Each structure stands twice: as structure tokens, then as C-alpha cells.
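Asks: Dropping the sequence and predicted coords here.
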Amino acid sequence: MSYVVSFEQLRMTDVDSVGGKNASLGEMISQLAGAGVRVPGDIALAGFDDIPLARFVHPSLTTMRVSIAALGERALARLLEQIEAGADGAETAGAAAGAAQVMVPELVVRESSGREAARAQARRGRPGKGRE
């Protein structure tokens with residue numbers, strides 16, 4: 001589900017973070033800056049999928065990373081299991097196809113969430129204004 005709000009509405013609320021697909025958040029950073037909304041000063045942004053662009057936009061985008069290679073390996077393994085089961089193992093193959101599989105994403109903290117600046121200041125021994 002997507003929500004569309006104006007930047008003026010955003011300023012008038014207690015919203016302090018936004019999440020979404022990295023591709024759309026890269027553009028959002030630019031739009032927020034143009035509207036005078038500071039990232040991460042006024043709002044924190046976090047994305048999902050860690051596309052290469054996420055580390056090159058300014059501020060760099062905090063994101064969740066999922067291994068696309070591991071996802072592909074699992075998909076291929078399931079497909080091969082179903083092919084090998086053939087008609088004789090149709091019930092088994094069907095059950096395996098419906099079995100839930102979980103992939104745990106990795107949090108990649110960068111500047112857009114405000115935590116990276118706070119960590120850098122802490123390493124230098126200075127108090128910061130980053131989100132905790």
C-alpha cells in the first residue's frame with residue numbers, strides 16, 4: 001500500500017521516518033531536499049533491496065539487503081526438486097512448493113537514518129544529534 005502526502009503535510013505531522021523501495025527513496029531524498037526537508041535531520045529514510053545506487057545518493061541510504069544470489073539458488077533448488085519428483089511425486093512436490101522459506105535480510109546502516117553520523121561522532125568522542 002502506498003501513501004502520498006505533500007511535503008507541507010509531512011512537516012505538520014509527527015512523522016519522523018519513511019521506508020520504501022530504494023529506487024523510489026533515492027528520488028525522494030532529492031524531492032525532500034528541494035522542499036527544505038532535511039534527511040536525516042527532519043526525517044529518516046530506510047529502503048529495502050540495497051541496490052548499488054543506495055550507497056551513492058546523498059545522504060547515502062540506510063537499507064535492508066537480501067542476497068539475490070541466495071534467493072536464486074533457493075528458487076532453482078525448489079524447481080529442480082519439483083522436476084525430479086515428476087508425476088510420481090506430485091503430492092510431495094506440491095507440498096514442497098507450498099512450504100514457507102525465510103530469508104533474513106541484513107540491515108545496512110548509512111547516513112539517511114541519522115545513525116551513521118551519530119556513530120562517526122561517537123568514534124571521535126563528540127556528542128551527536130543522531131537518532132538512537
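Replies: Okay, I see it.
Asks: Walk me through the domains of this protein.
Replies: Structurally, the chain divides into domains by automatic domain parsing as follows: 1-66+105-125, 68-103.
Asks: measure the last one end to end?
Replies: Across its full length, domain 68-103 reaches 10 Å between end residues, using CA to CA, to the nearest Å.
Asks: Rounded mean pLDDT for it, please.
Replies: Over the span of domain 68-103, the pLDDT mean works out to 78.
Asks: Surely residue 26 is in contact with residue 53?
Replies: Yes: using CB atoms under 8 Å, residue 26 is in contact with residue 53, at 5.4 Å. (C-beta placed from N, C-alpha, C; glycine too.)
Asks: Now the common contact residues for those two.
Replies: Taking CB atoms under 8 Å, 6 or more residues apart in numbering as the contact rule, residue 26 and residue 53 both touch residue 61.
Asks: And those two? Which one has more around it.
Replies: residue 26 (19 against 14; other CB atoms under 10 Å).
Asks: Give me the secondary structure label for that one.
Replies: Classification of residue 26 by DSSP: H, G, I helix; E, B strand; the rest coil places it in helix.
Asks: if I pick it, what's in contact with it?
Replies: 53, 54, 57, 61.
Asks: buried sites along the longest helix belonging to the chain?
Replies: Longest helix in the chain by number of residues, with DSSP state H as the criterion: helix 68-85. Neighbour counts over helix 68-85 (16 or more other CB atoms under 10 Å) mark 82, 85 as buried.
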